[in-house]
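Novice: got a predicted model here, sequence first, then my questions.
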Amino acid sequence: MNKKIIIAGAGIAGLNAAKSAREANPDCEIMMIEASSDNTYIRTRLPEYLSGEINKTVLFPYDDNWFISNKVTIAKNKTITAINPDSKTVTVSNTTLYYDSLILALGSSPFIPPINGVEKRNVFSVRTLADAENIKALAGNGVSCTIIGGGLLGLEIAWSIKQLGCKVNIVEHNPRLLPRQADAKASELLINAIQKVGINVYLNAQVEEICGEECVDSVRLKDKRIIASDIVILSTGVKANVDVLKDSGIDIGRAVKINEFCQTNIPSVYAAGDIAEFNGFNYCIWPISIAQGKVAGHNAALENLSANNNLAEKNKYTDIKPFTNLKIKGISMFSIGDISTNQQEVFSIDEASNKYINFFIQDNHIKGAIAFGEPSLTLKIKKAVDQNKSIISQNNEIAFDDIINSL
């Protein structure tokens, strides 16, 4: 009997798990269970779809024919209500399904902050294609939109909404934009660029209430300022979808804990993507979801087969350095690695052209970097940080041009 693999979730982690499992084991049975009505789509490009830069077909890299030709069954509009590792079963719409290996790729959901009025009409998160469709139907010239949260997604959504003719406001509780991904100078350049395209930014501000009758009409800040708003978009982070796993015996911290083989503490149960926590971190970013999905799929497909008795046959997940790459036309900011201020900083700034690069050096190695207004150097900088590139110092001094020339 062929091995049966169930993949819970058809997001990017689940898709890559399916692809990897099929490559590793041509004969295994693969079933993906997806709560929505959609095939896998490129969630990171939703802001571009919202702005009209791309159409819906670009979002979907794999149509139904791909699943058929790769012998992957995808059950859509199905919700997993229980998982029983003892019997190796999952319950889906009152149906019990047996698995040999289970891959959890249930993803994450938007965090909804406890703000009065958050339940009103025309208050959205932007997590799904349906969210983007709903916002697109309301947006247009003269419509006022307030985005709560000035993180990476919030900024990209703000720009997208602006392209539809809306008046756009961003409310950010921190005193500067992207404090974890940018230093003070990069944040300054960023907010100047954002405001220059006509987006209002409220820093060090907190929303007290989303006002209106049934439908939102304004946002009131804690300092009592009122922002007229026809649409409110919540961009306040995500949380792993672990509720269905609470009584399963699976070890859960912030998310499902996995080892380097993407295994959980339960035999034959793997996890990948936004639902997974590795070495205490749950970043919820696209490249990590892809990488973990590939490892989980490969190892699940070969588990308990003779070809995988040797540990060397297993694939290992190695931590990916998180990076930030802002996707706003005309505004480029990239950061990667450790950008804490307890390291040596070697930087260059051109105020006239709004170009700024800062390298963070420790023991003559590049540990992190920020680049604003220099998109052509992004890949080279990423490679240098990923490879922990060493820099030769002259008389204990590291020159900026020497770093650039070494990239």
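Specialist: Thanks, I have the structure now.

Novice: C-alpha from now on. contacts and neighbour counts both.
Specialist: OK.

Novice: could you measure from the residue nearest the centre of the chain over to Ser108?
Specialist: Central residue of the chain (Cα atoms, centre = their mean): Ile285, 3.1 Å from the mean position. Computed with Cα to Cα, to the nearest Å, the distance linking Ile285 and Ser108 is 11 Å.

Novice: averaged pLDDT, the longest helix anywhere in the chain. What do you get?
Specialist: Secondary structure assigned by DSSP state H gives helix 286-302 as the longest helix of the chain. Over the span of helix 286-302, the pLDDT mean works out to 97.

Novice: give me the helices and strands touching that helix, please.
Specialist: Under the contact criterion of 3 or more Cα pairs under 8 Å, 6 or more residues apart in numbering; DSSP states H and E, helix 286-302 touches helix 12-24, strand 101-104, strand 269-271.

Novice: for the stretch 1-150 of the chain, which spans come out with low pLDDT?
Specialist: Scanning the stretch 1-150 of the chain for pLDDT under 70 picks out no residues.

Novice: strands along that one, start to end?
Specialist: Along the stretch 1-150 of the chain, counting by DSSP state E, counting those that start in this stretch, strands occupy 4-8, 29-33, 72-75, 80-84, 89-92, 95-98, 101-104, 108-110, 123-125, 144-148.

Novice: report all helices and strands that the fifth one contacts.
Specialist: In this case it means strand 89-92. When contacts are defined as 3+ Cα pairs under 8 Å, 6+ apart, strand 89-92 sits against strand 80-84, strand 95-98.

Novice: mind listing what the last one pairs with, with the direction of each?
Specialist: Strand 95-98 has the following sheet partners, assigned by DSSP bridges: strand 89-92 (antiparallel).

Novice: so what touches the partner strand?
Specialist: Strand 89-92 is contacted from outside by 78-84, 96-99, using Cα atoms under 8 Å, 6 or more residues apart in numbering.

Novice: make it 10 Å
Specialist: Contacts with strand 89-92, where a contact means Cα atoms under 10 Å, 6 or more residues apart in numbering, come from 6, 8, 33, 75, 78-84, 95-102.

Novice: swap in stretch 176-188?
Specialist: Contact with stretch 176-188 is made by 149-152, 155, 172, 175, 189-193, 201-204, 322-325, 333-341, 349, 354-358, 369-373, as judged by Cα under 10 Å, 6+ apart.

Novice: and that stretch, how far apart are its ends?
Specialist: End to end - Cα to Cα - stretch 176-188 spans 8 Å.

Novice: packing partners of the very next helix or strand once past the longest helix of the chain?
Specialist: Per DSSP states H and E, the first helix or strand lying C-terminal to helix 286-302 is strand 323-325. Under the contact definition 3 or more Cα pairs under 10 Å, 6 or more residues apart in numbering; DSSP states H and E, strand 323-325 sits against strand 333-337, strand 365-372.

Novice: and the longest helix of the chain, what's buried?
Specialist: 286-302 (16 or more other Cα atoms under 10 Å).

Novice: so that helix versus strand 29-33, what angle?
Specialist: For helix 286-302 against strand 29-33, the angle by axes from the mean of the first three to the mean of the last three Cα atoms, to 10 degrees is 140 degrees.

Novice: CA-only coordinates of helix 286-302 in PDB, if you can.
Specialist: The C-alpha atoms that make up helix 286-302 are tabulated as PDB, following Å, rounded to 0.1, in the frame of the first residue of the first chain:
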ATOM      1  CA  TRP A 286       7.700  33.800   2.800                       C
ATOM      2  CA  PRO A 287      11.300  32.400   2.300                       C
ATOM      3  CA  ILE A 288      11.200  30.500   5.500                       C
ATOM      4  CA  SER A 289       7.800  29.000   4.700                       C
ATOM      5  CA  ILE A 290       9.200  27.800   1.300                       C
ATOM      6  CA  ALA A 291      12.300  26.300   2.800                       C
ATOM      7  CA  GLN A 292      10.600  24.500   5.700                       C
ATOM      8  CA  GLY A 293       7.900  23.200   3.300                       C
ATOM      9  CA  LYS A 294      10.500  21.600   1.100                       C
ATOM     10  CA  VAL A 295      12.200  19.900   4.100                       C
ATOM     11  CA  ALA A 296       9.000  18.700   5.700                       C
ATOM     12  CA  GLY A 297       7.700  17.300   2.400                       C
ATOM     13  CA  HIS A 298      10.900  15.400   1.600                       C
ATOM     14  CA  ASN A 299      11.300  13.900   5.000                       C
ATOM     15  CA  ALA A 300       7.600  13.000   5.400                       C
ATOM     16  CA  ALA A 301       7.600  11.200   2.000                       C
ATOM     17  CA  LEU A 302      10.700   9.100   2.900                       C
END
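
Novice: that one vs helix 12-24, what angle?
Specialist: Going by the same axes, to 10 degrees, helix 286-302 makes 40 degrees with helix 12-24.

Novice: do you know how far the residue lying closest to Ser229 once chain neighbours are set aside is from Asn241?
Specialist: Counting by Cα to Cα, 6 or more residues apart in numbering, Ser229 lies nearest to Ser218, which is 4.4 Å off, once chain neighbours are set aside. Remark: distance between Ser218 and Asn241 (Cα to Cα) = 31 Å.

Novice: rewinding a little: adding mean neighbour count, write the helices and strands packed on strand 323-325 out as JSON lines.
Specialist: Output for those, formatted as JSON lines (neighbours: other Cα atoms under 10 Å):
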{"stretch": "strand 333-337", "mean neighbour count": "24"}
{"stretch": "strand 365-372", "mean neighbour count": "25"}
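
Novice: quick one: which of those is nearest Val256?
Specialist: For the helices and strands packed on strand 323-325, proximity to Val256 was assessed by Cα to Cα; strand 333-337 is nearest, at 23.9 Å.

Novice: out of the helices and strands packed on strand 89-92, deepest packed?
Specialist: Stretch with highest mean neighbour count among the helices and strands packed on strand 89-92: strand 80-84 (a mean of 18; mean count of other Cα atoms under 10 Å).

Novice: no further queries at this time; thank you.
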